[in-house]
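Enquirer: Return atomic coordinates for the entry below.
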Amino acid sequence: MVAAQAIYFTIPVRMPFYLRGVAEASGAAIGAAIATMLFVGGVVSTRFGRVNRRVGVVGAVALHFAVMGIGYAVVTLSSDYAGVIAGLAVTGLGLGLQLPAFNM
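Expert: Numbering: from 1, shown residues only. This is a model prediction of the structure:
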């Protein structure tokens, strides 16, 4: 769980610097990028019960790490703002599985 929280807090701490370097993004654009991840995570977390019934808590945690890994890979490989937003949306999918699973 500590590893998951460390991974989660990487985005709010490091993303502003990353977006400044990749896209020369403004403060508002950086906030919108982080908000995209959090919004998607919030929507997905409302569907956690459905996922939990299908794959169980252990499966949901495994899926969380896989999806967040894919999202971080997309962010890392992106060379523009839109690509980073797409990667953060995918990361939000994993985040939406993380928070409810770790609170069970």
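Enquirer: Now do the buried residues in the helix of greatest length in the chain.
Expert: Among the segments of the chain that qualify as a helix by DSSP state H, the longest is helix 48-77. Buried residues in helix 48-77, defined by neighbour count with 16 or more other CB atoms under 10 Å: 48, 51-52, 60-61, 63-64, 67-68, 71-72, 74-75. In short, each C-beta sits where N, CA and C put it, glycine included.
Enquirer: farthest-separated two in these?
Expert: Comparing all pairs in the buried residues of helix 48-77 by CB to CB, the longest separation belongs to 52 and 75, at 26.8 Å.
Enquirer: got any ranges where this protein has weak pLDDT?
Expert: 1, 4 (pLDDT under 70).
Enquirer: Export the helix or strand where residue 22 lies to PDB, keeping only CA atoms.
Expert: Per DSSP states H and E: residue 22 is located in helix 2-23. Output of helix 2-23 as PDB, limited to C-alpha atoms (Å, rounded to 0.1, in the frame of the first residue of the first chain):
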ATOM      1  CA  VAL A   2       2.900   2.400   0.700                       C
ATOM      2  CA  ALA A   3       4.200   1.800  -2.800                       C
ATOM      3  CA  ALA A   4       0.800   2.600  -4.300                       C
ATOM      4  CA  GLN A   5       0.600   5.800  -2.300                       C
ATOM      5  CA  ALA A   6       4.100   6.800  -3.300                       C
ATOM      6  CA  ILE A   7       3.200   6.200  -7.000                       C
ATOM      7  CA  TYR A   8       0.000   8.200  -6.600                       C
ATOM      8  CA  PHE A   9       1.700  11.300  -5.100                       C
ATOM      9  CA  THR A  10       4.200  11.300  -7.900                       C
ATOM     10  CA  ILE A  11       1.600  13.000 -10.100                       C
ATOM     11  CA  PRO A  12       0.700  16.100  -8.000                       C
ATOM     12  CA  VAL A  13       4.400  16.600  -7.000                       C
ATOM     13  CA  ARG A  14       6.200  16.000 -10.300                       C
ATOM     14  CA  MET A  15       3.700  16.700 -13.000                       C
ATOM     15  CA  PRO A  16       3.900  20.500 -12.900                       C
ATOM     16  CA  PHE A  17       7.600  20.400 -13.600                       C
ATOM     17  CA  TYR A  18       7.200  17.700 -16.300                       C
ATOM     18  CA  LEU A  19       4.500  19.600 -18.100                       C
ATOM     19  CA  ARG A  20       6.500  22.800 -18.000                       C
ATOM     20  CA  GLY A  21       9.300  21.000 -19.700                       C
ATOM     21  CA  VAL A  22       7.300  19.000 -22.200                       C
ATOM     22  CA  ALA A  23       4.600  21.500 -23.200                       C
END
